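>>> Give me the fold of what follows.
(2 chains)
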Protein chains: 2
Amino acid sequence: MAVKKIGTQTVKFNSPPVIIGTSTTVGPKEGEGPLSEYFDIILKDDLYGEKSWELAESKMLRETVKAAVKASGKKMSDMEYMFSGDLLNQSMSASFAARDLELPFFGLYGACSTMTESLSLGSMIIDGGYADNIIAVTSSHFSSAERQFRFPLEHGNQRKLTAQWTVTGSGAAVLSSFGNGPEIRYVTTGKVVDLGIKDANNMGAAMAPSAADTIVKHFEDTGLPTDYYDLIVTGDLAQIGKEIAEEMVLDKGYNILKNYNDCGLLIFDNLAQDTHAGGSGCGCSASVFCGYIYKEMMKKNINKVLLISTGALLSVTSTQQGQSIPGIAHAVSIVNKGS
Amino acid sequence: MAVKKIGTQTVKFNSPPVIIGTSTTVGPKEGEGPLSEYFDIILKDDLYGEKSWELAESKMLRETVKAAVKASGKKMSDMEYMFSGDLLNQSMSASFAARDLELPFFGLYGACSTMTESLSLGSMIIDGGYADNIIAVTSSHFSSAERQFRFPLEHGNQRKLTAQWTVTGSGAAVLSSFGNGPEIRYVTTGKVVDLGIKDANNMGAAMAPSAADTIVKHFEDTGLPTDYYDLIVTGDLAQIGKEIAEEMVLDKGYNILKNYNDCGLLIFDNLAQDTHAGGSGCGCSASVFCGYIYKEMMKKNINKVLLISTGALLSVTSTQQGQSIPGIAHAVSIVNKGS
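Purely as a prediction, here's the structure:
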């Protein structure tokens, strides 16, 4: 058997899984942002015809899966596994969507790292020969996240400038053993890193060390130069976290200043849209990757991407108990065929 | 490549992963139950020296991993991935333990199905050649679950007779590509099934349809007779759910009456210990499998086991919004070598 594990945290695929289709749904605010043209469905009302934001979020995830499967040219019955999770307590969005979709379901929790967690596990399951087609999907919703993690929206709470704005959005990708689309060449699985940040209004800073750790590990394990990638893009470190991650990676001898960006900065115009440090939420890297990045890859404007979704593993309980915020980040190397 | 996917939801392993070591930690009440002698560590105080039940649960998970790795004869640095999740909001137990253990971490959410979800994914990752050693672990804690899902304990709320008692416990298993111990031969991944039960005090009934669905699918996919197994054991359907599952499986033409039991019934003496319908929680099937079943398999008293951990995918929010309770169940076929 060819070597699959390289270095300590990276897997190299012998038969790289192909991302044969994606879809995205976003809320009204995201639809007014700089990536507007790349999203497939832009909701006019973030309740999406449902009675609660949580049910709206679950519907968004479910409908995005249906659209991604359609875009891939496959049928829902071709999907052998669904890998999904979200931010809501007990992953209500993903669980309720999985019920309606009737697919064998692996529920994940990686907070905002869930998009690359689902792509990582899905890729191993396909390359390993256990499935030919899987769905990787996640979602977040500003209103359901605010009231679960912070305050009732009616409270009109003032937000710190270090705070991020949870993206209302969902992104779904169909991975296949065969087909047209960019390939997943490597995955680098993250460790939980916690440097002691306790401010739940500064999650970028809490997640940056884990992102830096995984990025450095990816280059150590693969031996690739940092300029191999057209784009190195973290999930949702936003303004503050991105600067910290850049510096931490540089400290380890890897320079990513020229080709590094963050989904939380790409999705909103922070000044015009008053989103403070930038976007966050599982739906942030999911919609930016499945919308903007995937479409630019299909047009060959971008050919080599290292996507590192980043998660802050806090809960209301852990915050109330004075605990610091552990972070995690998983990296997925996505490259156009022939590149 | 040999065929790995059989039927619609089952994987057959060509190089079955071996469970080379396990460990368990349980609370005082579980330590007074019928399986007492099988648990490695029985806590005298369910706060375990911590300031909160949540931190105690996370410590239990972390220390159980350490003990399992020791029991397997491996070092912590040999563990290439940790697959784990729990019932707490945002999987606080698993996330905080993963931070301290410094292992590449895949966070899962399958409610009380997490033990077999982690064994399933871990097995595919090992058989697929992506790792030689992984940890599968989960936990639950009566006191942290009660106050999160139901009422403050100080409230002294009366419990319905259909209610189950969340097990305070953790079970961890080391899976390896090589070694002594029972093998994982098949995994059957469940779909989310929801027949409309809305009573969060009757989770056995809510989960039974998903358990029955996965059990039937396992026998359909593998073609094995139901008496192939010495023991078919669900995670935590307890008294009410077990009877429903038995009947639903029988309705589909599979008779499991002779060799079927449930971890929620094995762990407590329901009458003497006043646990009403029986045990539940991620730690229920984890501690019963990693304690009682694994040790009896090592003694060759039991040789062939189908373990089906079962999860109720509800949240406080979904219940408050009047939603029914989706269930999920994943089956893992564990067989002694030569059997």
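>>> Could you list the low-confidence segments of the stretch 1-150 of chain A?
By pLDDT under 70, the low-scoring segments of the stretch 1-150 of chain A are A:1-3.
>>> could you pull out the helices for it?
With DSSP state H, counting those that start in this stretch as the criterion, the stretch 1-150 of chain A has helices at A:28-31, A:53-71, A:92-101, A:114-127, A:142-149.
>>> What's the first helix or strand after the last one?
In other words, helix A:142-149. Heading C-terminal from helix A:142-149, the first helix or strand you meet, by DSSP states H and E, is strand A:165-166.
>>> Kindly state the domain boundaries assigned to chain A.
A:5-176, A:184-335 (automatic domain parsing).
>>> Same list, those domains, but as TSV with distance to residue B:249 please.
(Each C-beta comes from the backbone N, C-alpha and C, glycine too.) Shown next, in TSV, are those (distance: least, C-beta to C-beta, whole Å):
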stretch	distance to residue B:249
domain A:5-176	19
domain A:184-335	36
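>>> Nearest to chain B among these would be which one?
Closest approach to chain B among those (C-beta to the nearest C-beta): domain A:5-176, 3.0 Å.
>>> Write out the residues of the stretch 201-339 of chain A neighbouring chain B.
Within the stretch 201-339 of chain A, the positions lying close to chain B (C-beta under 8 Å from any C-beta of the partner chain) are A:313-318, A:321, A:323, A:326, A:328.
>>> Helix or strand for residue A:213, just tell me which one.
Assigned by DSSP H and E, residue A:213 belongs to helix A:203-222.
>>> Quick one: mean pLDDT over that helix.
Confidence over helix A:203-222, taken as the mean pLDDT, stands at 97.
>>> Taking their axis directions, that helix and helix A:114-127 sit at what angle?
Taking axes from the mean of the first three to the mean of the last three C-alpha atoms, to 10 degrees, one finds that helix A:203-222 is oriented at 30 degrees with respect to helix A:114-127.
>>> So which elements touch helix A:203-222?
strand A:10-12, strand A:183-188, strand A:231-234, helix A:238-251, strand A:304-312, strand A:327-335 (3 or more C-beta pairs under 8 Å, 6 or more residues apart in numbering or on different chains; DSSP states H and E).
>>> Just send the ones you listed back as a markdown table, with mean neighbour count too.
Converted to a markdown table, the helices and strands packed on helix A:203-222 look like this (neighbours: other C-beta atoms under 10 Å in any protein chain shown):
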| stretch | mean neighbour count |
| --- | --- |
| strand A:10-12 | 23 |
| strand A:183-188 | 24 |
| strand A:231-234 | 26 |
| helix A:238-251 | 21 |
| strand A:304-312 | 29 |
| strand A:327-335 | 30 |
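>>> now the ones you listed in JSON lines, with distance to residue B:254?
Below are the helices and strands packed on helix A:203-222 laid out as JSON lines (distance: least, C-beta to C-beta, whole Å):
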{"stretch": "strand A:10-12", "distance to residue B:254": "38"}
{"stretch": "strand A:183-188", "distance to residue B:254": "38"}
{"stretch": "strand A:231-234", "distance to residue B:254": "49"}
{"stretch": "helix A:238-251", "distance to residue B:254": "53"}
{"stretch": "strand A:304-312", "distance to residue B:254": "41"}
{"stretch": "strand A:327-335", "distance to residue B:254": "39"}
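>>> Figure out how far the helix holding residue A:213 is from the centre of its chain.
Per C-alpha atoms, centre = their mean, to the nearest Å, the displacement of helix A:203-222 from the mean C-alpha position of its chain is 15 Å.
>>> buried sites along that helix?
Counting neighbours by 16 or more other C-beta atoms under 10 Å in any protein chain shown, one finds that the buried residues in helix A:203-222 are A:203-222.
>>> what angle sits between that helix and helix A:238-251?
For the pair helix A:203-222 and helix A:238-251, the angle between their directions (the same axes, to 10 degrees) equals 30 degrees.
>>> quick one: helix A:203-222 to strand A:327-335, angle?
The directions of helix A:203-222 and strand A:327-335 differ by 50 degrees, with the same axes, to 10 degrees as the criterion.
>>> Spit out the contact partners of the nearest residue to residue A:110 once chain neighbours are set aside.
With C-beta to C-beta, 6 or more residues apart in numbering or on different chains as the measure, residue A:117 is the residue that lies nearest to residue A:110, at 4.1 Å, once sequence neighbours are left out. Neighbouring residues of residue A:117 by C-beta atoms under 8 Å, 6 or more residues apart in numbering or on different chains: A:83, A:85, A:108, A:110, A:309, A:330, B:106-107.
>>> measure residue A:117 to residue A:203 for me?
In this structure, residue A:117 and residue A:203 are separated by 17 Å, where distance is defined by C-beta to C-beta, to the nearest Å.
>>> Which residue is the nearest non-sequential neighbour of residue A:45?
Nearest residue to residue A:45, sequence neighbours excluded (C-beta to C-beta, 6+ apart): residue A:28, at 7.4 Å.
>>> Tell me who's in contact with residue A:15.
Here residue A:15 is in contact with A:126-127, A:177 (C-beta under 8 Å, 6+ apart).
>>> quick one on the thing from earlier: show me the residues of the stretch 201-339 of chain A next to chain B that map onto strands.
With DSSP state E as the criterion, strands contain residue A:328 from among these.
>>> Give me the buried subset of the residues of the stretch 201-339 of chain A next to chain B.
In these, burial by neighbour count holds for A:313-315, A:317-318, A:323, A:326, A:328, counting by 16+ other C-beta under 10 Å.
>>> Is it possible to get a markdown table of the residues of the stretch 201-339 of chain A next to chain B that adds distance to residue B:165 and pLDDT?
Written out in a markdown table, the entries for these read as follows (distance: C-beta to C-beta, whole Å; pLDDT from 0 to 100):
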| residue | distance to residue B:165 | pLDDT |
| --- | --- | --- |
| A:313 | 28 | 96 |
| A:314 | 29 | 95 |
| A:315 | 24 | 96 |
| A:316 | 25 | 95 |
| A:317 | 21 | 96 |
| A:318 | 25 | 96 |
| A:321 | 24 | 97 |
| A:323 | 27 | 97 |
| A:326 | 30 | 97 |
| A:328 | 32 | 98 |
